[in-house]
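Peer 1: quick one: sequence and predicted model below, then my questions.
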Amino acid sequence: METNTIRLPVAYQIVDIVPHAGKMCLLDSAIVGDAESLDCQVTIKEEDLFFADGGVDAWVGIEYMAQAVAAWAGWRARLRGDTPKIGFLLGSRRYECSRPRFALGDNLQVGVQRRFRADNGIGQFDCRIAIAGKTVAHATLTVFEPTSADDFFLMGQTSE
């Protein structure tokens with residue numbers, strides 16, 4: 001990230017910028033962001049959707065990252081006066097995590113940095129998860145945000 005970029009606090013609740021309902025909204029809050037990046041946080045709790053055997057398995061980190069990308073897009077939409085749109089995780093590259101699970105009480109800082117966004121709605125983000133300032137997981141996610149979710153879901157259907 002460029003050092004001359006002004007980062008702004010996020011003044012929205014996470015449920016207002018991430019289009020996930022109930023327990024599927026895995027993040028606790030969005031903290032600070034700019035035109036290209038966002039930092040979010042989540043504290044591992046027993047009532048979390050994926051909590052089992054004292055923690056959350058590390059593979060859930062990809063979903064934390066994906067939801068942080070969604071939060072970035074939703075926050076940017078709110079700043080423009082729009083509502084957050086649905087998006088899709090197309091894939092991840094090189095997800096690496098230095099631990100098998102996130103433990104009860106761990107405070108995860110989930111950061112995303114946009115690498116690019118094409119005109120067709122496909123984008124790529126460098127993502128990381130840190131605990132106490134130390135990166136414990138990273139990946140590159142490829143995502144897709146259709147112009148219109150209704151048009152996307154109706155694509156290929158014909159009227160009879």
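Peer 2: On my side now, so go ahead.

Peer 1: contacts and neighbour counts: CA atoms only from here.
Peer 2: Noted.

Peer 1: where do the helices of the chain begin and end?
Peer 2: With DSSP state H as the criterion, the chain has helices at 61-79, 149-154.

Peer 1: list the contacts of the longest one.
Peer 2: The one in question is helix 61-79. 10, 12, 14, 16-19, 25-27, 30, 33, 35, 37-40, 83-85, 87, 89, 92, 95, 110-112, 125, 127-129, 137, 139, 141 (CA atoms under 8 Å, 6 or more residues apart in numbering).

Peer 1: only whichever of these are buried, select them in ChimeraX.
Peer 2: Per 16 or more other CA atoms under 10 Å, the buried members of these correspond to this ChimeraX selection:
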select :10,12,14,17,18,19,25,26,27,30,33,37,38,39,40,83,84,85,87,89,92,95,110,111,112,125,127,128,129,137,139,141
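
Peer 1: residue 51 pairs with what?
Peer 2: residue 56 (DSSP bridges).

Peer 1: just for the protein, where's the confidence low?
Peer 2: 1-4, 149-160 (pLDDT under 70).

Peer 1: repeat that with 50
Peer 2: 1-2 (pLDDT under 50).

Peer 1: thought residue 86 was touching residue 20?
Peer 2: No. Taking contacts as CA atoms under 8 Å, residue 86 lies outside contact range of residue 20: 9.1 Å.

Peer 1: and the two? Which one has more around it.
Peer 2: When neighbours are counted by other CA atoms under 10 Å, residue 86 and residue 20 differ, and residue 86 comes out ahead with 18 against 15.

Peer 1: can you give me the distance of the more buried one to residue 54?
Peer 2: As judged by CA to CA, to the nearest Å, residue 86 and residue 54 stand 32 Å apart.

Peer 1: quickly compare the helices of the chain and say which is most buried.
Peer 2: helix 61-79 (a mean of 24; mean count of other CA atoms under 10 Å).

Peer 1: hey, C-alpha coordinates of that one in CSV?
Peer 2: Extracted in CSV, the C-alpha atoms of helix 61-79 (Å, rounded to 0.1, in the frame of the first residue of the first chain):
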residue,chain,number,x,y,z
GLY,A,61,-9.4,-18.0,7.2
ILE,A,62,-10.2,-17.9,3.5
GLU,A,63,-13.8,-17.0,4.3
TYR,A,64,-12.7,-14.3,6.7
MET,A,65,-10.6,-12.9,3.9
ALA,A,66,-13.5,-13.1,1.4
GLN,A,67,-15.8,-11.3,3.8
ALA,A,68,-13.2,-8.6,4.3
VAL,A,69,-13.2,-8.1,0.5
ALA,A,70,-17.0,-7.9,0.6
ALA,A,71,-16.7,-5.4,3.5
TRP,A,72,-14.3,-3.3,1.4
ALA,A,73,-16.7,-3.3,-1.6
GLY,A,74,-19.7,-2.7,0.6
TRP,A,75,-18.0,0.2,2.4
ARG,A,76,-17.0,1.8,-0.9
ALA,A,77,-20.6,1.4,-2.1
ARG,A,78,-22.0,3.1,1.0
LEU,A,79,-19.5,6.0,0.6
